[in-house]
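S.K.: Just need the structure, nothing else, for what follows:
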Amino acid sequence: MAKRRGTKGSANNSDANLGFEQKLWAAADKMRGHMDAAEYKHVALGLIFLKYISDAFEERRRFLFREMDDPKSDYYVTEEQAKYETSEERDEYTGHNVFWVPEPARWSSLQKQAKHPKIGQFIDDAMLAIEKENPTLKGVLPKNYARPDLDKRRLGELIDLIGTITMVDPTQSKDILGRVYEYFLARFAAAEGKAGGEFYTPSCIVRLLVEMIEPYKGRVFDPCCGSGGMFVQSERFVEAHGGRRDDISIYGQESNPTTWRLCKMNLAIRSIEGNIGPHHGDSFHNDLHLDLKADYILANPPFNVSDWGGDRLREDRRWKYGPPPVGNANYGWVQHFVHHLAPNGIAGFVLANGSMSSNTGGEGDIRKAIVEADLVDCMIALPGQLFYTTGIPVCLWFLCRNKADGKGSGGQRLRDRHGETLFIDARKMGALIDRVHRELTDDDIQRIAGTYHVWRSSTETLAEMKKKPYDDIPGFCKSAKTEEIEEHGYVLTPGRYVGVEALEEDDEPFEEKMARLTKTLDEQFKESAKLEKAIRANLKGLGYGK
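M.R.: Okay, here's the model as predicted:
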């Protein structure tokens, strides 16, 4: 390519910086009242994906095929170069992680036909054309916009509204649409309530899991990956700590076909390569990564699933610590994770609180065997109201194959933790973001993860980090020996171990405190008498009372 000089950049759009997500939510909201959230989610997200890859294509195209708009500029190309530049060379796009978008599928072409009664068919054709030109998207994009029950007039309005938003801004990172996807997934989960949104794990929980296990380098696996949030946060962690994206390899599996496609789209818009299988699949009955041994497992499996087909897997090789009950898949997931862990691997996952203490169907025996195998590294009790889709209290499990001293994933030295488990009670943490939903704050995440890292670090590492050795904090954290866990019947609820939070010291002498409190009480009694007198007078004036 000829070197370009004196050319102008593309137009900016402030929506990419302010109110971007809200405007897109308003676009999706146009479909409200005509279909439920579970349906219009896919209508809106599919169009947003199409708009994004079209904008990315056009941005790259402008860079490659700009026309000189200033005769006096020093921009110059030879006739041969000009001829080359007017031929759309696919490699100039795909080589820069930009999807090839054929002309009829570009947003500009579709928007011109937004008012056409066959706009739904045009969109379906565009999706098919994009899949044909980009094999990695084959079978991924939604192609049901032509269905009769989808209001084509409102679909056209949705296209016009989305068309006003520039999704690719050279001044922004490529993660703009990734941010929008997260926003949408959260909002749709809230809109659907407990009936849907099982694919969405609140980002604060994902961030905590990632900060705890620190996936710097190696194989990251999520066998119930939903929309891919664990992978996205793992990539962010690596980049934030100076690593490269190709330092980690991503593997995943998802049983819901619609959610599997959402994950493929979510990874595609972030240019994240990952092996989530050639199709959706049930991890219990169709394990698509049979021989995988992962360095890191991050997961949020569906809670307390009763119809998981456990009766057909009674002799499965994964049940090293005992067959999980047919009526609850929780300990099936736990052992599936353990089965796929590498010799030095670590797993962090979300489960319902009941998993820490239940004895139903042999779960207590399985938990005892896992504890005695010295796999449980850390247990965290979380506050309520974190999930949009369930009110069930949840906890985080961290299982570690090797607790011996050695190097952590970030290069720090770890101490020998054999026979020890860290318990953290974080139930009082978090901040309400509305009347019914809570989020862990950045400070909360850093305090929890920091406590874990100090607990497992060697004294040499702590000296380098200039941090004090770990200490139990009543009401918050406790390092317990396996013998103590045995005394508690192998129950792993942190509240059993951390004790009660220490009260702040009060150095006010008892006599002075009693005098002060008595005086305050006398004043309150007097105020109470005045109020009683006033209320009785008002009642008497209304003809009531004596």
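S.K.: For burial, what's the neighbour tally of Pro393?
M.R.: 16 (other Cβ atoms under 10 Å). Heads up, the C-betas are built off the backbone N, CA and C, glycines and all.
S.K.: Can you tell me, leaving aside adjacent residues, what's nearest to it?
M.R.: Spatial nearest neighbour of Pro393, excluding adjacent residues (Cβ to Cβ, 6 or more residues apart in numbering): Asn353 at 4.3 Å.
S.K.: Flag the shaky bits of the protein, pLDDT-wise.
M.R.: 1-20, 30-38, 65-88, 169-179, 182, 192-199, 502-507, 546 (pLDDT under 70).
S.K.: hmm, try it at 80
M.R.: 1-42, 63-89, 166-200, 388-392, 500-513, 541-543, 545-546 (pLDDT under 80).
S.K.: Where do the domain boundaries of it fall?
M.R.: Listed domain ranges for the chain are 14-173, 198-498, 509-546 (source: automatic domain parsing).
S.K.: Need the winner for burial among the ones you listed.
M.R.: Highest mean neighbour count among these (mean count of other Cβ atoms under 10 Å): domain 198-498, with a mean of 19.
S.K.: can you pull out the strands in the stretch 151-300 of the chain?
M.R.: Using DSSP state E, counting those that start in this stretch, the strands found in the stretch 151-300 of the chain span residues 218-222, 248-252, 294-299.
S.K.: Identify the residues contacting the residue nearest to Pro393.
M.R.: Ala381, Ile392, Pro393, Val394, Cys395, Thr493 (Cβ atoms under 8 Å, 6 or more residues apart in numbering).
S.K.: repeat that for 7 Å
M.R.: Pro393, Val394, Cys395 (Cβ atoms under 7 Å, 6 or more residues apart in numbering).
S.K.: would you turn these into TSV with secondary structure and distance to Asp522?
M.R.: TSV is the format used below for these (DSSP: H, G, I helix; E, B strand; the rest coil; distance: Cβ to Cβ, whole Å):
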residue	secondary structure	distance to Asp522
Pro393	coil	44
Val394	strand	48
Cys395	strand	48
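S.K.: Adding distance to Leu155, write those residues out as CSV.
M.R.: Converted to CSV, those look like this (distance: Cβ to Cβ, whole Å):
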residue, distance to Leu155
Pro393, 41
Val394, 38
Cys395, 43
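S.K.: ok, so of those residues, who is nearest Pro343?
M.R.: Distance to Pro343 across these (Cβ to Cβ) is lowest for Cys395, with 25.8 Å.
S.K.: What strand or helix carries Asp377?
M.R.: Element membership of Asp377, judged by DSSP states H and E, is strand 376-381.
S.K.: Could I get the full set of helices for the stretch 51-200 of the chain?
M.R.: For the stretch 51-200 of the chain, helices defined by DSSP state H, counting those that start in this stretch occupy the ranges 79-85, 91-94, 107-112, 119-133, 152-163, 176-192.
S.K.: one step back: let me know the closest of the contacts of Asn353 to Leu432.
M.R.: When the contacts of Asn353 are compared against Leu432 (criterion: Cβ to Cβ), the nearest one is Pro393, at 16.2 Å.
S.K.: and the gap between the closest one and Pro325?
M.R.: 20 Å (Cβ to Cβ, to the nearest Å).
S.K.: for the protein, which strand is longest?
M.R.: strand 341-352 (DSSP state E).
S.K.: export that one as CSV, just CAs?
M.R.: Output of strand 341-352 as CSV, limited to C-alpha atoms (Å, rounded to 0.1, in the frame of the first residue of the first chain):
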residue,chain,number,x,y,z
LEU,A,341,-8.1,-29.2,35.9
ALA,A,342,-4.4,-29.5,35.0
PRO,A,343,-2.0,-30.7,37.7
ASN,A,344,-1.3,-27.2,38.8
GLY,A,345,-4.7,-25.8,37.8
ILE,A,346,-7.1,-23.6,39.8
ALA,A,347,-10.9,-23.3,39.4
GLY,A,348,-13.1,-20.5,40.5
PHE,A,349,-16.9,-20.8,40.2
VAL,A,350,-20.3,-19.7,41.4
LEU,A,351,-22.7,-22.0,43.2
ALA,A,352,-25.8,-21.7,45.3
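S.K.: Any idea how far that strand is from the middle of the chain?
M.R.: 17 Å (Cα atoms, centre = their mean, to the nearest Å).
S.K.: Could you tell me the angle between the helix or strand just after it and strand 376-381?
M.R.: The element immediately downstream of strand 341-352 (helix or strand, assigned by DSSP H and E) is helix 363-372. Relative orientation of helix 363-372 versus strand 376-381 (axes from the mean of the first three to the mean of the last three Cα atoms, to 10 degrees): 130 degrees.
S.K.: can you list the residues that contact helix 363-372?
M.R.: Applying Cβ under 7 Å, 6+ apart, the set of residues contacting helix 363-372 is Tyr321, Gly322, Pro324, Pro325, Tyr331, Ser358, Val376, Thr482, Ile485, Tyr490, Leu492.
S.K.: measure the second one to His339 for me?
M.R.: When you say that, I think you mean Gly322. Gly322 is 13 Å from His339, by Cβ to Cβ.
S.K.: helix or strand for Thr520, which one?
M.R.: Here Thr520 is assigned to helix 510-541, by DSSP H and E.
S.K.: Distance from that helix to the middle of the chain?
M.R.: 53 Å.
S.K.: how about the strands in the stretch 351-500 of the chain?
M.R.: 376-381, 394-400, 406-407, 413-414, 420-425, 431-432, 438-439, 477-481.
S.K.: Which strands or helices does the second one pack on?
M.R.: Which is strand 394-400. Judged by 3 or more Cβ pairs under 7 Å, 6 or more residues apart in numbering; DSSP states H and E, strand 394-400 is in contact with strand 341-352, strand 376-381.
S.K.: Using CSV, lay out those strands together with distance to Ala186.
M.R.: Converted to CSV, those look like this (distance: least, Cβ to Cβ, whole Å):
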stretch, distance to Ala186
strand 341-352, 16
strand 376-381, 22
